[in-house]
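Asks: My questions concern the predicted model and sequence given below.
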Amino acid sequence: MKEVVEKNDYLKLTVGKIVARDYRKAMVFRSNGIDFCCGGNISVEQACNEAGVDLAGVLEQLYILDEAPSDLPDFNELPLDQLIAFIVNKHHKYTNETLTELEPLVSKVAMVHGGWRPELIEIKEIFGKLKDELLSHMQKEEMILFPAIISLSRDDDSTFSGSSIEHPISRMEMEHDIAGDFMKQIRDLTNGFELPKGACATYTVVYKVLKEFEADLHHHIHLENNILFPKAMKL
């Protein structure tokens, strides 16, 4: 059962914690240009001020969702090994597949249209950095950090301890920030993935998939930064 948040509590919680309690709230923050994953460790009031949006309006949107039924899983209640399996099987799989499929399309669009849309050349370069960063990052999580967290959660006889995973978690959070910044640069260069008039089919697909990829990346990072890692540190 999802934890009920009292109206007054929204001003006491960080954006990340609000989304951790009910992922539907991510939709409210995303639609208002508020970062709930990498930048989720700030209050709703501060987030609204930085995004230039009305605090009262955002709070009202959150209240409305509280009254609506939800069929989303409560990620807070998942055992850590199941949460990790979800992250790997859904988000890591999607990220690997999408980066591989999108890279040649991004290169093609940059080659064909880069002459009159120079930002596409820059997007190609940033996307390449994002791809390298995420592939390396996910490999480290799957080979080192995630097995350590699972071992701790099951109280296995191992050399892992809360202190031994503190540095890897800090490193993964830093890499999340790097990936998030690359994605933000791409969003800014595409003007929020807004297609220019007369964009060809490949151009259209690239922007559409980049927008979907951003949404998945935000959920992916949110599950780790705001749920998995804090719980692992308490073991």
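Replies: The structure has been received and is ready for your questions.
Asks: And the top helix by length along the chain, what does it pack against?
Replies: Longest helix in the chain by number of residues (criterion: DSSP state H): helix 162-189. Judged by 3 or more CB pairs under 8 Å, 6 or more residues apart in numbering; DSSP states H and E, the packing partners of helix 162-189 are helix 119-140, helix 146-153, helix 201-222, helix 229-233. Every C-beta, even on glycine, is put in place using the N, C-alpha and C of the backbone.
Asks: Could I get the average pLDDT for that helix?
Replies: The pLDDT scores in helix 162-189 average 92.
Asks: Please identify the buried residues of it?
Replies: By neighbour count on 16 or more other CB atoms under 10 Å, the buried set for helix 162-189 is 165, 168-169, 172, 175-176, 179-180, 182-183, 185-186, 189.
Asks: again with stretch 32-42
Replies: Per 16+ other CB under 10 Å, stretch 32-42 contains these buried residues: Asn32, Ile34, Asp35, Phe36, Cys37, Cys38, Gly39, Gly40, Ile42.
Asks: Could you list which of those belong to strands?
Replies: Members of these lying in strands (criterion: DSSP state E): none.
Asks: okay if I get those as CSV plus pLDDT and distance to Thr95?
Replies: CSV is the format used below for these (pLDDT from 0 to 100; distance: CB to CB, whole Å):
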residue, pLDDT, distance to Thr95
Asn32, 91, 25
Ile34, 90, 23
Asp35, 87, 18
Phe36, 87, 18
Cys37, 85, 14
Cys38, 82, 15
Gly39, 78, 20
Gly40, 81, 19
Ile42, 92, 26
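Asks: quick one: which of those is nearest His219?
Replies: Closest approach to His219 among the buried residues of stretch 32-42 (CB to CB): Cys37, at 7.7 Å.
Asks: Could you list which residues are in contact with that closest one?
Replies: Gly16, His176, Gly180, Leu217, His218, His219, His220, Ile221, His222, Asn225, Asn226 (CB atoms under 8 Å, 6 or more residues apart in numbering).
Asks: Please repeat the previous calculation with a cut-off of 7 Å.
Replies: Contacts of Cys37 were listed using CB atoms under 7 Å, 6 or more residues apart in numbering, and they are Gly180, His218, Ile221, His222, Asn225.
Asks: so the third one touches Asp177, yeah?
Replies: In other words, Ile221. No - at 9.0 Å, Ile221 does not count as touching Asp177 under the criterion of CB atoms under 7 Å.
Asks: sorry, back to before: distance from the longest helix of the chain to the middle of the chain?
Replies: Its chain's C-alpha centre and that of helix 162-189 lie 10 Å apart, by CA atoms, centre = their mean, to the nearest Å.
Asks: next one: stretch 228-235
Replies: On CA atoms, centre = their mean, the centre of stretch 228-235 falls 18 Å from the chain's centre.
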